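S.K.: Curious how this folds, go ahead:
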Amino acid sequence: MSLKKFSQNSSNRSTNASTSRNGSRNISSHSESNGYTRRIPSQEDFGGEYHRTSRRSRRRAFDDIPEDSEDFFLDSDNYDTENVKDDYESGAYADHSYRTKDSYDSEHFDADISVYPDEEKSFDERLAEGREAIRSRNRQSVRKRKQMRFSAILITIDILVLLVLGVLFFTGKLNLAGLFGKKEAVETTVAVEETTEAQESEIESESAMAEADLSQLLAVSDRQAAMYDYDAAVETLTSSSYAADPQVQAKIQEYQTTAASCVAFDNSQVTHVFFHILCVDTDRAFTNDAAGKDFNQVMTTIPEFEAILQQMYDRGYVLVGLHDMAEIEIQPDGTEKMVRKKIMLPEGKKAFVMSEDDVCYYEYMEGKGFADKMVLDENGKLKLQYTDAAGNVSVGDYDIVPILDNFIEQHPDFSYRGAKAIIAFTGYNGVLGYRTDETYDESSPNRDPKMKANPNIAEDRETCKVLMQALVDDGYELASHSWGHLNFTNRDLSTLTKDTDRWERNVETLMPGNCDIILYPFGADIADWHPYSTDNEKFNMLQNAGFRYFCNVDSSKVWVQFGDNFVRQGRRNLDGYRMWMDFSGQDNKLSDLMDVKTVFDQRRPTPITWN
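M.R.: Prediction:
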């Protein structure tokens, strides 16, 4: 076929002609043989505007067309390529639009086979490009389907989460305030890790605190048990949050077992020892004059006292209080009755009472080697102020209080349920080293001009109240030693009544509560060994003043008397004179308590005689 004839038959053809039907069939056949299919545009795709017979492209598209065929026109001498090109560029073919944009499926047709006159690509290249285009569309389609599936999954999860949150919220199990309050803590991994570390640290801290609390709790209960207060020890543990702890349960069992093995000590066999103010400096105290000789007779040195404590402890003595022996109980008819109490101790232990007289640090003792006054240190502990021979003032352990405290701290089993000594006061020089008596008060009608007025008396009285409370809190019992250190055996009722009134007015008012113990000065009792009765006016006066425990001085090892509404007990003086008598071999009254040979302070001037 000539180029001229081809051009005439294709007058309505535009520059981009399609492939012929025959060519389409051959392509289809070729495609099928290679497993590749594509859609060939039909006549309907051209909207009826294009009508032509089957033809081939001006290019050789298939290798099976012989070169002598009429359709083999490529590079023919009869084909005026230059003219055609000029006509095409000048728009000569503009009116021969055999195809419009919508006349056929350009996506599936033009993209696969190009029929442009200047196309230089082979059929295999076009075919490959078509296949790649289809694959690309398939991949895009697959990606779109995957994205849609993923989106659907996310939407489903969101819906489920919202449903769950809604259910939790309406059932009251979701605290939105707490949730949003912790939002920042969970926004980042770092925040979560920090929160976790903080929680772990807090847990460790709480665990350590719990262990410390348990150790402290057990320390308290062990101390109570060591002081023979097994019921209190058990109560301490059972009332705590650690009651179910195996270690606590084992302790409870231990306390109960030990308590069951204790026996009641015979209260009538409780001995009572007493002291005066302890001597700090023997050189200044035990001088060769009347005052020095008196001090040497009735005072005890600090080394002697410490040795006595240790030896009595080693021999099984346990310190108890007078109120541990017996106590007043109100009967149904309103009357009082002194009822004996059980002192439960391990077998072999022996109960005893201790007291200290004249804890006033009298004016006449100033500069004589004794403590000045009682004070509280920076830790709130009871201590004594002392001025040495050089005038240096110090605060420390210069009397029974706090030496006894220190010993019991180290040996809690020396004290029965926290009991300590009885501290007895006169009043005429004030108490505890403070001049609190009315005789020092310029505003008092009982002011004594012989006494140096105390301008700080109000402040000192308040200080003494604090110290008295501290003594009671520390386990000490408080007692009267009369106001004027009177002999109750020799003095008449009127004098004793006035003296008792003055003591109540000047001393008892400084105490936390009413005082019910009197330690007779000089040990001088108001009756003989027979029990007190209402026929004894002095007893009636003292009983009306509130006293129920009456202690004299008796060198016997034990003397105790229980009346219907009173207790009487004899006291043993552990002073210079009594120890010297045993030390020198002239007597033997202290061997049940100590080995005097190792206790007696040989700094004392000897011999010691009783004036």
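S.K.: Spell out which residues make up each domain of the chain.
M.R.: 3-120, 184-261, 265-357+399-599 (automatic domain parsing).
S.K.: Tell me which of the ones you listed is the most buried.
M.R.: domain 265-357+399-599 (a mean of 18; mean count of other CB atoms under 10 Å). Heads up, the C-betas are built off the backbone N, CA and C, glycines and all.
S.K.: mind listing the helices for the stretch 251-400 of the chain?
M.R.: Listed in chain order, the helices of the stretch 251-400 of the chain (DSSP state H, counting those that start in this stretch) span 282-285, 290-298, 302-314, 322-325, 400-410.
S.K.: so how far is the fourth one from its chain's centroid?
M.R.: This means helix 322-325. Its chain's average C-alpha position is 38 Å from that of helix 322-325, according to CA atoms, centre = their mean, to the nearest Å.
S.K.: Need the contact partners of that helix.
M.R.: For helix 322-325, contacts defined as CB atoms under 8 Å, 6 or more residues apart in numbering pick out 267, 270, 340-341, 343, 351, 353, 416-417, 419, 422, 477, 517, 549, 551, 560, 567, 569.
S.K.: rerun at 6 Å
M.R.: Asn267, Val270, Ile343, Tyr549 (CB atoms under 6 Å, 6 or more residues apart in numbering).
S.K.: Pick out the most distant pair among the residues you listed.
M.R.: Ile343 and Tyr549 (15.5 Å; CB to CB).
S.K.: Residue ranges in the stretch 201-350 of the chain under the pLDDT threshold?
M.R.: 201-210 (pLDDT under 70).
S.K.: one step back: quick check: which of the helices of the stretch 251-400 of the chain is nearest to Asn573?
M.R.: helix 290-298 (7.5 Å).
S.K.: what packs against the closest one?
M.R.: If you count contacts as 3 or more CB pairs under 6 Å, 6 or more residues apart in numbering; DSSP states H and E, helix 290-298 packs onto helix 576-583.
S.K.: Grab the longest helix from the protein for me.
M.R.: Ranked by residue count and defined by DSSP state H, the top helix of the chain is helix 123-170.
S.K.: what packs against it?
M.R.: The contact analysis (3+ CB pairs under 6 Å, 6+ apart) places helix 123-170 against no helix or strand.
S.K.: Quick check: mean pLDDT of that helix?
M.R.: Averaged over helix 123-170, pLDDT sits at 83.
S.K.: do the same with stretch 511-526
M.R.: 98.
S.K.: for stretch 558-569, same thing?
M.R.: Computed over stretch 558-569, the average pLDDT equals 97.
S.K.: now the end-to-end length of that stretch.
M.R.: Length of stretch 558-569, first residue to last, CA to CA, to the nearest Å: 8 Å.
S.K.: Number of residues surrounding Tyr386?
M.R.: By other CB atoms under 10 Å, 20 other residues sit near Tyr386.
S.K.: in the sheet, who's paired with it?
M.R.: Beta bridges link Tyr386 to Ser394, judged by DSSP bridges.
S.K.: Run a quick check on it versus Tyr398, I expect a contact.
M.R.: Yes - contact status for Tyr386 versus Tyr398: in contact at 4.5 Å, counting by CB atoms under 6 Å.
S.K.: what do the two both touch?
M.R.: Ala371.
S.K.: Pick the one among the contacts of helix 322-325 closest to Met579.
M.R.: Val270 (21.7 Å).
S.K.: The nearest residue to the closest one once chain neighbours are set aside: what's it in contact with?
M.R.: Nearest in space to Val270, with sequence neighbours left out and distances taken as CB to CB, 6 or more residues apart in numbering, is Ala351 at 4.8 Å. Contacts of Ala351 were listed using CB under 6 Å, 6+ apart, and they are Phe265, Val270, Val318, Val320, Ile343.
S.K.: The closest residue to Glu304 other than its chain neighbours: what's it in contact with?
M.R.: Closest residue to Glu304 apart from its sequence neighbours, by CB to CB, 6+ apart: Asp601 at 4.9 Å. By CB under 6 Å, 6+ apart, Asp601 lies in contact with Thr301, Pro303, Glu304.
S.K.: Skip the chain neighbours and tell me the closest residue to Met299.
M.R.: Cys279 (4.7 Å).
S.K.: so what's the one you found up against?
M.R.: Taking CB under 6 Å, 6+ apart, we find Cys279 in contact with Ala285, Met299, Thr301, Gly369.
S.K.: Need those residues in a markdown table (columns: distance to Phe275).
M.R.: Shown next, in a markdown table, are those (distance: CB to CB, whole Å):
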| residue | distance to Phe275 |
| --- | --- |
| Ala285 | 14 |
| Met299 | 8 |
| Thr301 | 10 |
| Gly369 | 16 |
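S.K.: ok, those vs Thr463, which is closest?
M.R.: Using CB to CB, the contacts of Cys279 come closest to Thr463 at Gly369, 24.0 Å.
S.K.: What distance do you get for Thr156 to Gly130?
M.R.: 39 Å (CB to CB, to the nearest Å).
S.K.: any idea how far Glu254 is from the closest residue to Glu438 other than its chain neighbours?
M.R.: Spatial nearest neighbour of Glu438, chain neighbours left out: Ser444 (4.1 Å); criterion: CB to CB, 6+ apart. Using CB to CB, Ser444 is found at 58 Å from Glu254.
S.K.: What of Pro332?
M.R.: The value you get for Pro332 to Glu254, if CB to CB is used, is 40 Å.
S.K.: Val353 too?
M.R.: 29 Å.
S.K.: Could you do Leu384 as well?
M.R.: Distance of Leu384 to Glu254, given as CB to CB: 38 Å.
S.K.: Glu438 touches Asn446, doesn't it?
M.R.: Yes - using CB under 6 Å, Glu438 makes contact with Asn446 at a distance of 4.5 Å.
S.K.: Cross the contacts of Cys279 against strands and list the overlap.
M.R.: Thr301 (DSSP state E).
S.K.: Among the contacts of Cys279, find me the one that's closest to Ser136.
M.R.: Thr301 (113.3 Å).
S.K.: May I have the residues that are in contact with that closest one?
M.R.: Thr301 neighbours (CB under 6 Å, 6+ apart): Cys279, Asp601.
S.K.: repeat that for 10 Å
M.R.: 278-282, 285-286, 307, 369, 576, 599-601, 603-604 (CB atoms under 10 Å, 6 or more residues apart in numbering).
S.K.: Same question for Leu278.
M.R.: 285, 299-306, 356, 370-371, 384, 397-401, 403.
S.K.: Now do the helices in the stretch 451-600 of the chain.
M.R.: Using DSSP H, counting those that start in this stretch, helices in the stretch 451-600 of the chain cover 457-473, 493-506, 537-544, 576-583, 596-599.
S.K.: Other residues contacting the first one?
M.R.: What it means is helix 457-473. Helix 457-473 is contacted by residues 359, 373-376, 380-382, 401, 420-421, 423, 425, 430-438, 440-444, 454, 456, 476-478, 506-513 when judged by CB under 10 Å, 6+ apart.
S.K.: Those residues in strands, which ones?
M.R.: Members of the contacts of helix 457-473 lying in strands (criterion: DSSP E): Lys373, Met374, Val375, Leu376, Leu382, Ile423, Phe425, Glu477, Leu478.
S.K.: Return the backbone torsion pair for the nearest residue to the first one once chain neighbours are set aside.
M.R.: If you skip the residues right next to it in sequence, Lys373 has Gly433 as its closest partner in space, 2.4 Å away by CB to CB, 6+ apart. Main-chain dihedrals, Gly433, degrees, to the nearest 10: phi 90, psi 0.
S.K.: Correct me if wrong: Gly433 contacts Glu366.
M.R.: Yes - the pair Gly433 / Glu366 is scored as a contact, 9.3 Å apart, by CB atoms under 10 Å.
S.K.: Which neighbours do these two have in common?
M.R.: Asp372.
S.K.: Relative to Ser555, tell me which of the helices of the stretch 251-400 of the chain wins on proximity.
M.R.: When those are compared (using CB to CB), the closest one is helix 290-298, at 14.0 Å.
S.K.: who's in contact with that closest one?
M.R.: Residues contacting helix 290-298 (CB under 10 Å, 6+ apart): 275-277, 279, 282, 284-289, 357-358, 364-365, 368-370, 573, 575-578, 580, 604-606, 608-611.
S.K.: Nothing else from me, thank you.
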